[in-house]
Structures are given as C-alpha cells and as structure tokens.
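Trainee: quick one: sequence plus predicted model below, questions after.
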Amino acid sequence: MQFFIRRNRTHIFGSRKCKYPILLARTMVLWLSFVAACAFSAPPQFSPVLPSVALTFPHDFGAHPGFRTEWWYVTGWLETPDKSPLGFQITFFRSATELDTANPSRFAPKQLIIAHAALSDPRAGKLLHDQKSAREGFGLAYTREGNTDVKLDDWHMIREENGRYQTSVSADDFTLRLSLTPSQPPMKQGENGFSRKGPRPEQASYYYSEPHLKVTGTVIHNGKPIAVTGSAWLDHEWSTAYLDPGADGWDWVGVNLDDGSALMAFQIRGKNGDKVWAYAALRDASGRTTLFTPEQVEFDPQRTWRSPRTDATYPVSMRIQTGPTEWLLTPLQDDQELDSRQSVGAVYWEGAVTVTRDGKPAGRGYFEMTGYVKPLKL
Amino acid sequence: MKFGMLSRWLLVGEWKAHLTQAAVAIIAIALGVALGFAIHLINTAAFNEFSAAAKSLSGQSDLQVRGAQSTFDESFYPALAQHNGVEAANPVLELDVAIPSSPGERKNTTLKILGLDIFRAASIAPDLIGIPAEDRLFDILADDAIFLSSAAMEWLKVKRGDPLQLRVGTQTITLRVAGGLVRTRAGQRIGVMDIGAAQWRFQRIGQLSRIELKLMQGINHEAFKKTLAQELGAQHVVTETADQETRVANMSRAYRVNLNMLALVALFTGAYLVFSTQALSVVRRRHQFALLRVLGLTRRQLLKQILLEGAILGAIGSLLGLVFGYAAAAAALDFLGGDLGSGFFPGIQPNVHFDSFAAAIFFMLGLGVTLLGSAAPALEAARAQPAPALKSGSEDAALSKLATPWPALACLGLGGLLTQLPPIFNLPVFGYLAVALLLIGGIALMPRLSALIFSAVFFAAAKSTSKAVPILALARLANAPNQAAIALGGVLASFSLVAAMAIMVTSFRVSVDDWLKHILPADLYVQTAASGDTRGFMPDEMKAIAAARGISRADFFRSSQLMLDPSRPHITLIARPIDWTDPANTLPMTGEAILPALLPKDAIPIWVSEAMVDLYDFTLGKRVTLPIGASSPTFIVAGVWRDYGRQFGAIQMRLADYQALSGDRKVNDAALWLQAGVSTEQVIESLRRLPFGSALEFSEPGQIRALSLNIFDRSFAVTYLLEAVAIIIGLLGVAASFSAQTLARAKEFGILRHIGVTRRQILGMLAAEGGLLTALGIALGFVLGWCISLILVFIVNPQSFHWTMQLSLPWKGLMTAALALLVSAAFTALVSGRHAVSGNAIRAVREDW
C-alpha cells in the first residue's frame, strides 16, 4: 500500500557516484514539511483528497499531477524454468514540487520522477536493487495522464488498451522485462478508493490495487536472460496530505491468495511502536470485499532479523489478525532490506513472503516495513 | 704534486684573490637562471591550474557538445540524451554574470555560474553539486538559491543564508546563498544553481551552453565524435576534454613563450658576463699559466683547469638561480597570483610545484652557457706558446683571435636572413633566433669596430689636443681594442636589449593609444556592467536611451562569441552600425576595404581583425560562412582592421545584418554623441532619471583610454623588470671587466706613476676610458637595439599576437637610460681602478723582469 512517508524517505538525488551520501541522505526524512515551509512567490495549489470524488477508469489509471505525490508500485513472485522463486519490485514515484509555477523554463523541476527496482533471489542472499531520479521534461521522464504511462530514461511502465501492463527496467545488476495481465477488476481500497491514513479526515489518499496480475517475461541476471512467469500486485495511489505527525513508520502487506482472493493490510506505527491507524481488506474471488476497522487489525511480530548494514531490527516474520482470521508471514529470505543510503538515502525492508491463513498455506505476497532505522546522528 | 691538488690550489688561490669577480659572475648566472626558472614555474603553475579548473567544470564527461555561438537551443537535448551510445547527458548553462558595483566604484567583476540539472550532473560532475543546509535540503532545486565555491564566498564576502545580488541586463536580481559545493579547486570562483532557475533568472529560457556526454562502455570516442559532428552540422561543435586543453594552451602559448624568451635573454647576458670574467682572468694569469706550462703542465690539463673553473662558477650560479627562482615563483604566485599581469589566467590560485625536469634543463642551460663563455678563453690560454706569453705586454695579443670579423658578420647575415622566414606553430621561432644571432654577431664584432673607431678618434684627437689624459685613454682604447671590447660588449648587450624592448613597448603603446582614440569616437559610453554574459539592453531600453535629452546620435553594439575551431579560443563577433561606404570612419582599418558598389549582392559584408587573416585565412574579398542564426549564410570579407583587444580574432558586421540573421534584439553597449552645447554631466543626469537609470555605468572615452593603457602597462610590468635586470647585468659586466683590467694593468699604472703621471690623472684616464667605452657601447647598442626592435615590432609581435603596429622611438627614455648607464659605467670604472693605483708603484713594476 506504500505510504506517504515512503516518499519522504526516498531520496531524489539518485547517483551511485555521489560521495556525500550522509548529507543527502537526511534530505528525505522531513522533506515534505520543509518544502511546505519554504516561502515561494507563487507555489502551486494542490488538489485535496475528498471522499466524495469517486474513481473513474480508465482516467484514474493515469497520472494526477494536481496532487502532491503519486506512485505505481508493482511487487510479485516469479518462477524460473527450474522452479526457483524470485521476488521483484518495480516502483515509479511522481512528486510535485512547490517551486514558483511562473518559471517558463522547460527545465523547471515542477515534477520529479523517481524509480526503484529490486530483485530478491534467495541464492544471492540479499536484495539486488537500483534507483533513478529525474525531473519531468523533454520526453525523457514523465508520468502521463489518461492511462498508466510512466518513463524515466530507459525505465518505463505502460498500460495497454486491453489493460495489460508492459514494464522494463535496466538496473545495474539485473534487467526486468515483464508483461502484467490483470485477471480481476481493480480493487478499490477504503471507501470506494478513498483510503484514510490517520485519525484526521484529510490524512487520506486515493488508492486502488490490481491483485493477481499474471506475469510473463524475462529477467536478465548475471548476463543470462531467464524466462519467468508469476503473479504480481500493483498499487496506484495519489495524495496531497501528510502523514500524521505522530507516525514513525508502517507495516504493509499485499497477498495474492491461492483461492483467488486478495488481502491488503497495513498499520501505521507511532513513536513508541503503538498503532496510530490500521486497515485491512479481503476480497474473495467473486469480488466480495470485507473491510476491517482499525480496531480489528493487529500486527504481532514473531521473529526479528537484524541488518548488518544498518543495524535496524526488522520483525521479518509477522502475525496479522484481521477480525477472526490469523495470518502468518514468512519471508523468502531474511535479508530483503533495500539499503540505498550510499546513493538515494532510502532504507526499508521490502520482501517476498509466503502466507498461511489460520495455520494453513494460503498464498504469497509482499511485505513492507519502514521506520525501523534509527535516525542518523551527525 | 698531484694534478688534483694543484687544481684545487689554483682554484682556491684565484678565487681568494678575486672573490668579487667570481661572485659577480655567479650572481649574473644565478639571476639569469632564476628569472628563467621562476617565469617557467609561474607559467606552468598558472597554466596547469587554469587548465585543471576549466576541466573540472566539465566533470568526467567524454565529449562536450557546444554551439558555435556561446549558447544554443535546448531542443536537441532529448535526442542527444537518447542517442545510441550515450550513457548520460548533462545539460549545462554556463554564464559569467556581472556583480553590481556599488556607486562610485568601478569593478570589472563577473562570477561564473553553472546552471545544472542535479539529477543529470550527479553522475558526470558530482563535484559541482551544492551542499544545502540540513534543514533546507530542497534548496538544491530552488529557483532563488545559489551554491558558491568557498573561494567565491570569500571573494564576495557572503556566507550561507546571505543574499547575493547579480546584474542581469538593467535589472538587479537577488539570490540566496544556499551553501557550498562538494569540491572545487582552491581559488576557483564559481556558483552553481538549478538549470531551470538559471534559464529563468538570467533570461536564457531555452538556451544551453553545452551538453556533456558520457559514452557507453566500448564506444569508440573518436568515431562517435565524428559521426555526431556530422549529424549536428556547422552550428554545433563536438569537443573532447583534450580539445579544451589545447584551447587553453593556444590561448596563452604566445604569451608564455615570449616571457620565456625574455628570460633566456637575461641568461644570455649572464653568460656574456662569465665570458668577460673568464677571458680577463685568463689574460691576467697569462704569466702564471705560461710558468705552469714550462713546469710541465700539459695543454689538456690547463684547458681542463680553466673549464673546471667555469663549470664550478656555472654550477654554483645555476644552483643558486634554481633556489632563488623557486622562491621568487612561490612568492609571486602567493602575492600576485599566476597572472603576471597578463589577464590570461584570471580567477585561479595556483601553487608552485618544483618541476625537476625543468630544473635540470635550467641547470644545464646555466652550466652550458658558462662553459661556453669559458671555452674561448680556455682554448686561447691552452694554445698560447709559453715563451712569448711569459713576456710582459702580450695581454692584448691573447685576445686577438676575437678580432676576426667573419664569424660575427656571418651571424649578422644569417640573422637578417632568418627574419624572412614564416612562423612555426604560430610562434616566431626564427624571429627569436634572428634576435639571438644579431646580439651575438654584434658583440663579436665589437673588438674590430672599437679598434677602428677609437683609432680614428685617437688620430683626430692627437692632432688637435695635447692633453695627456684623454690622449692616454684614447691610445689605450685604440691600441688594446680587444680588452676594451669585452667591457664594451657588456654595455652593448644590455643597452641594445633595453633599447629594443623600450622601442617595442613604446611602439606598441603609441599604437594602442592611437587605436583607442580611433575606436572611441563617441562622447559617452553606456553599459550595465563592464563585462559578463548578462549585461545589455532590451529594445525598449535602447529606445529610451536614444530618445534621452541632449543626445544627437546613439550607436548600439552587440558583441558575442563564436567558436569556429574547437581547438582555438572563441572569436568575438561585434555587430554595430558600420558605414560601409567608408568603414575607416568606424574601424581602425589597416588597408583598403571593398566598397559597397563592388560587393556581391548575395553576400553579407564583414570586416575582420588581422588575427582572422592569420589564423583563419579570412583574406580580403574571400567568401566565408559563419554559424550565425539558423542558416549559415555567406559572408564576404570587406576589409581588415587592427585589433589590439582580442588576439584570437574578431569580426565586425552591421547590427541590422546581425539582427536579421539571428533575431537577437539585445545589445550590450551604447555609444552616445552629444548635441552641441550639452555637457556630459547633463546627459548622464537625464539618463539616470530613466526607470533603469541606476543600473547604468557611464564611461567617457578618456576614462576608457586611461583604463586600457593602465592594463597595458600592467601587462608589460614584467618587461620592465627584465629591462632592469639587463641593465644591472650590464653594469656588473662593466665593473667586472674594469676591475679585472685595472688589476691586470697594475704594471702599466706603475710605469705611468714612474714617469710622473699622478694618481689622479690615472683615475681620470680610467674614467675617461670607461666613459668613452660606454658611450661607444651605447651608440652601437642603440643601433643594434633598433635592429632588434624592428624584428620584435614587425616579426615577433605580428607572428605571436597577430597584430601590426607602427614604430615609435622613446627618445626621452632612451636618453635617460643612456645617461644613467654612462655615468654609472664611468663611476664603476673609477671605483674599480682606485684599487689598482692605491698600491706601491715600485712593487707594481717589480715583477716585470
């Protein structure tokens, strides 16, 4: 589900060559709030997220530049011809800046595009990842309105008329070229796509998911192209408001269940780890959706793993209670931490998990944890 | 006794007895080596630092795409970024932006500002990324923020958070200093801001200065560059970092070579001094050597001994010179920067690096010239027959070989021939060789010339006067011309150098002054800043200026830069109203121009500076294409004008033609003619009342002239230093040869004392000898210096800097220098002589057995 802090923790300055990561790494932590504090002569007015506005497709598959932030977030499980599992993540972020809209320059950084890609191969023992960023413009980087069409140099994702997504990213250590075909209609989160993120009504986003995307394509790793098939989950979310000031991080999971149903759950943690907000939705194969209130959703850590790089301790195995049902998440591998402090500054755990429902194997999904790294002290 | 011990004994004995002369020789060599080495170190340090600083601005890119004009349209940036083989493309807008000067203060200051796309620059130029405050990280994209190098902050006296004012056209914009840069070179003054903000704030929407490219692995750079250049056409230039170095090298090479040549001249004078010291010392010790030969010392051993003396002098002098030169270079770089007043290397802070290779070269040079200076006297001493040499009075005969005029005449003849040859690699190599040959030939011819002249004067004087002292002095000069010639040579060498440089500099200065008068015909000049890429007026501002009260005519100038050859510096394109029926009205023409009736209809007339003819072969009447505007139209060279301001070439064209071609309506400067009876102050006052009046800077032609001549003088300050060194070395030569001579002539003075000549009269005779010799040296030095100055003015300057000038002689300065040299030479001769006559007259003659 990918929260708004996520944006904050993502660094815009995507260069592997940058020698001053720490200075830049802190950028994102409080980015939005400081952007807001800057006194610009003519800052843009962003659209608010209102419960009364319903999602309309296909228009809402496309970009919403009137809102501050937006992302398309694909995660999934792949299988190689020799039946080994791989996890993958492809994300495109759009972020509107608050610069003076009067600047007529085509270089004016009105919209920034950031992309992350990761490949989780248990045989590699850790997550392979890469990222890029650019300002929108010149046809080199953009997010188009009307239908999903996002591009950042040679990374892109486009939704065809028939609903199939084509995406390609050439990362440093791997290349992903995937087709994602929907097998179910989009799953509107919250109240018909209006998804609350906190106790206050303006703490909300527009949010829909596309679970059970059938994946075919090619992964190039170590120079060898491998044909893959699999199942993926796409989130598309856009918003203007900020996260609750008391929020410190979040845990999110999206699961494609073997019986054709789809589960999404998240909780927003406060400073001392308590629950600020939570949400879960379960849609069965026939399209019936069960929503859970914040009180009905509990996250309960089972086993932790400590990152040797960042010293952060992640509850890599999590028990989640939604109403009467108990889910248990087990990671494909423990080290699925995306540590890009040396380049873009973001650190989070984003990994493939297998899921049991009340003790029985039920499906596979992606689990995300942010806010587990202690802030750097300089 | 072993030869080694004898050798040491002879050396120590000689130097103990004549410490001053040895010291003078050492100092002369040290000065020459020091000057050469220091100039070399300063130039190398400045050049390397300038080159490195220029290179650091293009980061780690493989290729750079530039426009032939200083900026170009951004529209092909995406195509280039997505071009096959390109891994990353970094668009850059680089401008020299004027810093507004406070009222009453005239500063010619610009700050180099780079507009960068941080996302693209991060991989190609990571050092140029700004470091924002921790709580204002978004400043890196902000449209009101600028990041400054530490040298720029220091220079502008600002720190993070301070406002920084910049002049754009007639407006002043205020940016906020948001932080420093990741890494810049010491002393490098640059600012970095977001490219979108830079385009907007500096009114360059849609414009880029260059696009830096990083190519994918395995791409052949040379082939890629060639293909790309073809695709982009004449409007764009594809360069490599190496081209940039070549460009910087080309920019300053003529200047650096000329300075090094001047330093070599100083070394040459030093070598001459060694020659005179050694020659006279050999003469003085003729008996000693003859005795040693009789006692069994071989010729070889004697030759070795004298050369060893020279080598030790040379080695000590060269080592001292290296130390002193290094210290001088370090001090000069510390206090003056690497510029040496030339303006070639602005805005850098180079550090001196000990260059062992150059040190070795200069050491060998110092040692080599000393050995060369010692060779002739050593050979002569070794060849001398011991028996006649033991006799008294053979001293002058010892130098008689010097009187052969043929080698000297050959040198002069060859020097004359070399002046006819063209430059090599744009450097006047043969011109310098000719100067060296003239100097050598002139000095070598001295014994013969002085004998001829002094004999004639002696006979004339002997008939008309009977006064003893002048007759004695003249008799000595006429009959011992070879010894006289050595002192004469020193004076000749130094005065001819002084005269040559003074004539050259004066000719240049007078020409520049005339030129300035010609190019500044208006009553008042107006601009918004003295320099920079952002100065200028918009069309409505031009109208307002032209319509101001009291102005009878207003001419507007647009100057911009064109790159015609990536390995050469930019040329300047000046668009202004030009009366094509008589271009000489506006331009300082060098010769004929093509009249409008004879100009082809299909070509646009341009008038080019002399450098354009030399460097780009833009000869009168030639059809050329220039990358101005979208198309590359045909132009015709309608005339050639003289330009002392831009040695890399300049082209003038009519403003109307330029505006029609380029669509560029901006202008940089305005020249105003006032109505009769209106004062400059009144016009300035009325212009100040315009809405943008406070941004205007006014200059009267007199001020500009004074400023220009001031800059001129500063850039020739080094030449004045060299002249001073030449004079000092010349005087040292006079002192050395006179003290050597007078000591050698102790017997002669003893006999004179015995026949009744008073000490006073002997001193008078010495002063007269010194004065006469110096007078002749000055007279001949002037002739030789004038010849050399012709080479400097008509060959070295046009070939190095591509401009011609008229010859002007600085009579007053030369007279003063001559008089000073004359008096100090006579005085030196006198002082040196006092010692010789102070001894006992009996003892002085006793050794003559």
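Mentor: Sure thing, it's come through.
Trainee: got any ranges where the stretch 451-600 of chain B has weak pLDDT?
Mentor: Scanning the stretch 451-600 of chain B for pLDDT under 70 picks out B:466, B:480-484, B:486.
Trainee: next one: chain A
Mentor: Looking at chain A by pLDDT under 70, you get A:1-43, A:242, A:340-345, A:374-378.
Trainee: measure how far the longest strand belonging to it is from the centre of its chain, please.
Mentor: Criterion DSSP state E: the longest strand present in chain A is strand A:204-221. Offset of strand A:204-221 from its chain centre (CA atoms, centre = their mean, to the nearest Å): 10 Å.
Trainee: return it as PDB; C-alpha atoms alone will do.
Mentor: The C-alpha trace of strand A:204-221 is given here as PDB (Å, rounded to 0.1, in the frame of the first residue of the first chain):
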ATOM      1  CA  ALA A 204      -6.100  10.200   3.200                       C
ATOM      2  CA  SER A 205      -5.200   9.100  -0.400                       C
ATOM      3  CA  TYR A 206      -6.900   7.800  -3.500                       C
ATOM      4  CA  TYR A 207      -5.900   4.200  -3.700                       C
ATOM      5  CA  TYR A 208      -6.600   1.200  -5.800                       C
ATOM      6  CA  SER A 209      -4.800  -2.200  -6.300                       C
ATOM      7  CA  GLU A 210      -4.600  -4.700  -9.100                       C
ATOM      8  CA  PRO A 211      -4.100  -8.100  -7.400                       C
ATOM      9  CA  HIS A 212      -3.500 -11.400  -9.200                       C
ATOM     10  CA  LEU A 213      -1.700  -9.900 -12.200                       C
ATOM     11  CA  LYS A 214      -0.300 -12.700 -14.400                       C
ATOM     12  CA  VAL A 215       3.300 -12.200 -15.100                       C
ATOM     13  CA  THR A 216       5.300 -13.400 -18.100                       C
ATOM     14  CA  GLY A 217       8.600 -12.000 -19.200                       C
ATOM     15  CA  THR A 218      12.400 -12.100 -18.900                       C
ATOM     16  CA  VAL A 219      14.800 -11.500 -16.100                       C
ATOM     17  CA  ILE A 220      18.400 -10.900 -17.100                       C
ATOM     18  CA  HIS A 221      20.700 -11.600 -14.200                       C
END
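Trainee: check which element follows it along the chain.
Mentor: Remark: after strand A:204-221, the chain's next helix or strand is strand A:224-239, criterion DSSP states H and E.
Trainee: what's the angle between the next helix or strand along the chain from that following strand and strand A:204-221?
Mentor: Next helix or strand after strand A:224-239 toward the C-terminus (DSSP H and E): strand A:247-257. Between the axes of strand A:247-257 and strand A:204-221, defined by axes from the mean of the first three to the mean of the last three CA atoms, to 10 degrees, the angle is 60 degrees.
Trainee: partners of strand A:247-257, with directions?
Mentor: strand A:262-270 (antiparallel), strand A:360-370 (antiparallel) (DSSP bridges).
Trainee: quick one: contacts of the last one?
Mentor: What it means is strand A:360-370. A:2-3, A:5-6, A:9, A:75-77, A:87, A:89, A:231, A:233, A:249-259, A:263, A:314-315, A:318, A:327, A:329, A:331, A:348-357 (CB atoms under 8 Å, 6 or more residues apart in numbering or on different chains). Placement of C-beta: from N, CA and C, glycine included.
Trainee: what is the neighbour count of residue B:437?
Mentor: 21 (other CB atoms under 10 Å in any protein chain shown).
Trainee: what do you get for residue B:643?
Mentor: If we define neighbours as other CB under 10 Å, then residue B:643 has 26 of them.
Trainee: in its sheet, what does the longest strand of chain A sit against?
Mentor: strand A:174-182 (antiparallel), strand A:187-188 (antiparallel), strand A:194-196 (antiparallel), strand A:224-239 (antiparallel).
Trainee: buried ones in the last one, by neighbour count?
Mentor: In other words, strand A:224-239. Using 16 or more other CB atoms under 10 Å in any protein chain shown as the test for burial, strand A:224-239 gives A:226, A:228, A:230-239.
Trainee: repeat that for stretch B:601-617.
Mentor: Using 16+ other CB under 10 Å as the test for burial, stretch B:601-617 gives B:603-616.
Trainee: so which of those residues is the closest to residue B:73?
Mentor: residue B:604 (22.0 Å; CB to CB).
Trainee: for the closest one, what are its contacts?
Mentor: So residue B:604 contacts B:633-636, B:653, B:657, B:661 (CB under 8 Å, 6+ apart).
Trainee: ok, now residue B:799?
Mentor: Contacts of residue B:799 by CB under 8 Å, 6+ apart are B:422-423, B:426-428, B:431.
Trainee: ok, and the most crowded of those?
Mentor: Counting by other CB under 10 Å, top hit in those: residue B:428 with 27 neighbours.
Trainee: from residue B:421, how far off is the nearest residue to that one once chain neighbours are set aside?
Mentor: Leaving aside its chain neighbours, residue B:428 sits nearest to residue B:799 (3.8 Å; criterion: CB to CB, 6 or more residues apart in numbering or on different chains). Distance, residue B:799 to residue B:421, using CB to CB, to the nearest Å: 10 Å.
Trainee: about what we covered before: please point out which parts of the strand or helix carrying the residue nearest to residue B:428 sit buried.
Mentor: Residue B:799 is part of helix B:797-801 when elements are defined by DSSP H and E. For helix B:797-801, the buried set under the neighbour-count rule, 16+ other CB under 10 Å, comprises B:797-801.
Trainee: same deal with stretch B:503-521?
Mentor: Neighbour counts using 16+ other CB under 10 Å place B:503-516, B:518-520 of stretch B:503-521 among the buried residues.
Trainee: which of those fall in helices?
Mentor: B:503-516, B:518-519 (DSSP state H).
Trainee: within range of chain A, give me the residues from chain B.
Mentor: B:74, B:77-78, B:81-82, B:91, B:115, B:117-120, B:122-123, B:126, B:129, B:131, B:134-138, B:140-144, B:182, B:194-197, B:199-200, B:205-206 (CB under 8 Å from any CB of the partner chain).
Trainee: before we move on, back to that, with distance to residue A:200 and mean neighbour count added, can I get the strands paired with strand A:247-257 in CSV?
Mentor: Converted to CSV, the strands paired with strand A:247-257 look like this (distance: least, CB to CB, whole Å; neighbours: other CB atoms under 10 Å in any protein chain shown):
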stretch, distance to residue A:200, mean neighbour count
strand A:262-270, 12, 23
strand A:360-370, 20, 22
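Trainee: give the buried residues for stretch A:87-102.
Mentor: A:87-100.
Trainee: give me the subset of those residues touching chain B.
Mentor: A:97, A:99-100.
Trainee: could you dump the residues you listed to JSON lines with secondary structure?
Mentor: Listed next are these as JSON lines, based on DSSP: H, G, I helix; E, B strand; the rest coil:
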{"residue": "A:97", "secondary structure": "coil"}
{"residue": "A:99", "secondary structure": "coil"}
{"residue": "A:100", "secondary structure": "coil"}
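Trainee: could you pull out the helices in the stretch 651-800 of chain B for me?
Mentor: Assigned by DSSP state H, counting those that start in this stretch, the helices in the stretch 651-800 of chain B fall at B:655-662, B:680-688, B:701-715, B:717-744, B:746-754, B:759-791, B:797-801.
Trainee: need the longest helix for chain B.
Mentor: Longest helix in chain B, counting by DSSP H: helix B:241-284.
Trainee: now the angle between helix B:746-754 and it, please.
Mentor: Interaxial angle of helix B:241-284 relative to helix B:746-754 (the same axes, to 10 degrees): 50 degrees.
Trainee: tell me the gap between helix B:241-284 and the middle of its chain.
Mentor: The answer for helix B:241-284 is 12 Å, by CA atoms, centre = their mean.
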